[in-house]
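**Student:** For reference, the sequence and a predicted model appear below.
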Amino acid sequence: MTWKVVRAYRVVMYLRTSSRKNKDGSTAEYVQLAHNRRDSESGTPKAEILYNFGRRELVDVEALRRLVRSINRFLGPRDELAAKVEEVGAEPMRFLESRPVGAAFMLRGVWQQLEVDRVLVEMAKKRRIPDPGWVEGAVFAMVANRALEPVSKHALPPWLEQAVYAPAAPDNLYDEALYRAMDFLLAGDEEVQRSVFFATASLLNLEVDLLLYDTTSSYFEMEDDDEERAERQRRWEDYDGGKGPEPIKPRPQVVNEPAFRMEGYSRDRRPDLAQVVVGLAVTREGIPVRCWVWPGNTADAATVEEVKRSLSGWRLNRVVWAMDRGMVSEENLRELQRGGAHYIVGERMRAGKRLVEAALSRAGRYKKVADNLEVKEVVIGQGEARRRYVVVRNPAQAKRDCEERDLALKQIAERLERLPDGGEEHTKAVCKLVSHPTLGRYLTRDRKGRPVVDQTKVKAEERLDGKYLVVTSDDTLSTEDVALGYKQLAEVERAWRSLKSQLDLRPMHHRKTDRIKAHVLLCWLALLLVRVVEVRCHKTWPKVRQEMDRLHRGVFATDSGCFVQHTELTQLQREHLKAVEVAPPRRFETIQPVPPDAPHPTA
């Protein structure tokens, strides 16, 4: 029988085996091509043999495979699938949704490795919260959002429902529930940060011998600060409808809440907006240890004592604190040395201090310790007044500083030639030039009040080309370790960039002090997860996230039930998951049949 005849009668052919017993008791099996034909008399289908391939052990299996491939090429994938559905009588399959899951799945795995879920669940049980897993899942959802696509708390529920699938995130999230979860997290701030740090140190075998500390600021998109709001509240309460204009009715103010959003020195160049000060301690690997939040008018040097006290109960081993120039004061240096700790702190070279001038003017040879990095040790004073300085020089930076100074002097000469002859315009131009943050550094005034280049200042600046000065209290550290330890403060700067650009620490839209602190804590947790992934994968988080988000979670449904399936893992996705030691997701997450008397799961 030819294939043309088979297509004409619309028969469905299949392979079958038949067996018979031989006289010696053995069994012989035969492979046959057959189709079912309905008997006209009995009305029952009967198998009709179209072709006999012979004994099973003698069949050319590879020839059958070639035949199958040839038929599939002729039919095409769509016809092949339709033929299968028609053959088994299956109902059509509906593709309901597909959302990226890979990056969130990886973050969840790291979250569990750091035991954040366990800590939060235990905290919830101690506080007798009815559903500990729910509040832990809500906190993880907010942290994952910071790392993936930061949105406001109001926009978070629809983001979870439409844009991404976050494992363990509750289905019934709403604004007030998220705010309660933030309050719960802040109530256990100390416990969470401490437990997570030791879990991270154990997981990554961190050497917590050098802690990098720095501060930054984060602003608010609001009209006034807390003191102005409090003053407006008092004016409204004192107004009795009598004389004078009616004051503007303020927004609700928390009773007796201390001023927190204050004006101060803005690192974001937004002095017009209220802000808070955020502190961050980071290990030499760039792993954030702990975060702090203070009112916006807090000076950097005023934070050192609290930071040192906060970590004193953690029973850390010998610790050396690396801090920036803004933290230097005699009181802070003494505070850092209490309890056996030491410090590596930058010194302001233009501060005019006697010891600094002595350290910079001391003769000596530089020792090369790395590319474009030379160091020289200088010890000034004796006894309690003894200071150990390390002068660090970058030859490449020294060349750039020299070129920039020559350019500045050229600009000064051009501006001096263009000064007006006299009058008010001359005075304004002179004041503007002398007060210039860069050009004014090289200027002075002669007896007639005219600006001139001060060669003494120029030579003083030449002495600082490519250099920075570090002071340390630890005599056991080599000059190389001191220089590299201070240079690693760049890890804190990198953490600030991640917090502000990727995790959207600012601008903040919260008003209450507790919510502000909880928001910073959520960003800190997100930064911790991101940095663990980066350290293990040796790639930036945006690159890892871009690849992992190609892993999708699809939901399919038929009349018989529904199932959830993940897309095939790429080789790079497998490598990322292996690097962070997270097991890959199962191909089929769930398969849920529908009982006869139950409503459809997708209804």
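**Tutor:** Okay, I see it.
**Student:** Skip ahead from the helix ranked longest in the chain and say which helix or strand is next.
**Tutor:** Identified as the longest helix of the chain according to DSSP state H is helix 513-537. Next along the chain after helix 513-537, taking DSSP states H and E as the criterion, comes helix 541-548.
**Student:** dump the residue contacts of the residue nearest to D183 when sequence neighbours are not counted.
**Tutor:** In space, and not counting its chain neighbours, D183 is closest to D514: 6.3 Å by CB to CB, 6 or more residues apart in numbering. The C-beta positions use only the backbone N, C-alpha and C, and glycine is treated the same way. The contact partners of D514, taken as CB atoms under 8 Å, 6 or more residues apart in numbering, are M182, D183, L186.
**Student:** Derive a PyMOL selection command for the buried subset of the residues you listed.
**Tutor:** Command for PyMOL that selects the buried part of those, burial taken from 16 or more other CB atoms under 10 Å:
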select buried, resi 182+186
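**Student:** Looking at stretch 130-143 now, give me its mean pLDDT.
**Tutor:** Averaged across stretch 130-143, pLDDT comes to 92.
**Student:** buried set for that stretch?
**Tutor:** Neighbour count says stretch 130-143 has P132, W134, V135, E136, G137, A138, V139, F140, A141, M142, V143 buried, by 16+ other CB under 10 Å.
**Student:** ok, those residues vs R261, which is closest?
**Tutor:** For these, the residue nearest R261 by CB to CB is M142; the value is 21.0 Å.
**Student:** Which strands or helices does the helix or strand hosting G109 pack on?
**Tutor:** Secondary structure assigned from DSSP H and E places G109 in helix 102-113. Here helix 102-113 touches helix 132-148, helix 513-537, helix 541-548, helix 571-579, going by 3 or more CB pairs under 8 Å, 6 or more residues apart in numbering; DSSP states H and E.
**Student:** so how far is it from its chain's centroid?
**Tutor:** In terms of CA atoms, centre = their mean, to the nearest Å, the centre of helix 102-113 is set 12 Å apart from its chain centre.
**Student:** Could you point out the helix or strand that follows that helix?
**Tutor:** helix 116-126.
**Student:** same for that next one, what does it pack against?
**Tutor:** helix 132-148, helix 175-187, helix 189-204.
**Student:** And the helices in the stretch 301-450 of the chain?
**Tutor:** Under the criterion DSSP state H, counting those that start in this stretch, helices of the stretch 301-450 of the chain are mapped to 304-312, 330-337, 354-361, 395-417, 423-434.
**Student:** who's in contact with the last one?
**Tutor:** If I follow you right, that is helix 423-434. I412, R415, L416, L419, P420, L439, G440, L443, R445, G449, R450, P451.
**Student:** same thing but at 10 Å, please
**Tutor:** Residues from elsewhere that reach helix 423-434 (CB atoms under 10 Å, 6 or more residues apart in numbering): 411-412, 415-416, 418-420, 439-440, 443-445, 449-451.
**Student:** any idea which of the residues you listed is least confident?
**Tutor:** G449 (77).
**Student:** What count of nearby residues applies to that one?
**Tutor:** 8 (other CB atoms under 10 Å).
**Student:** if we can go back for a sec, can I get the helices and strands packed on helix 116-126 in a markdown table with distance to R386?
**Tutor:** Putting the helices and strands packed on helix 116-126 into a markdown table (distance: least, CB to CB, whole Å) gives the following:
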| stretch | distance to R386 |
| --- | --- |
| helix 132-148 | 46 |
| helix 175-187 | 44 |
| helix 189-204 | 33 |
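**Student:** wait, which of these is closest to E161?
**Tutor:** Closest among these, using CB to CB: helix 132-148, at 11.1 Å.
**Student:** other SSEs contacting the closest one?
**Tutor:** helix 102-113, helix 116-126, helix 156-162, helix 175-187, helix 513-537, helix 541-548 (3 or more CB pairs under 10 Å, 6 or more residues apart in numbering; DSSP states H and E).
**Student:** Check the offset of the longest one from the chain's centre.
**Tutor:** For helix 513-537, the gap between its own C-alpha mean and the chain's C-alpha mean amounts to 6 Å (CA atoms, centre = their mean).
**Student:** if we can go back for a sec, quick one: closest of the helices and strands packed on helix 102-113 to S42.
**Tutor:** helix 571-579 (57.4 Å).
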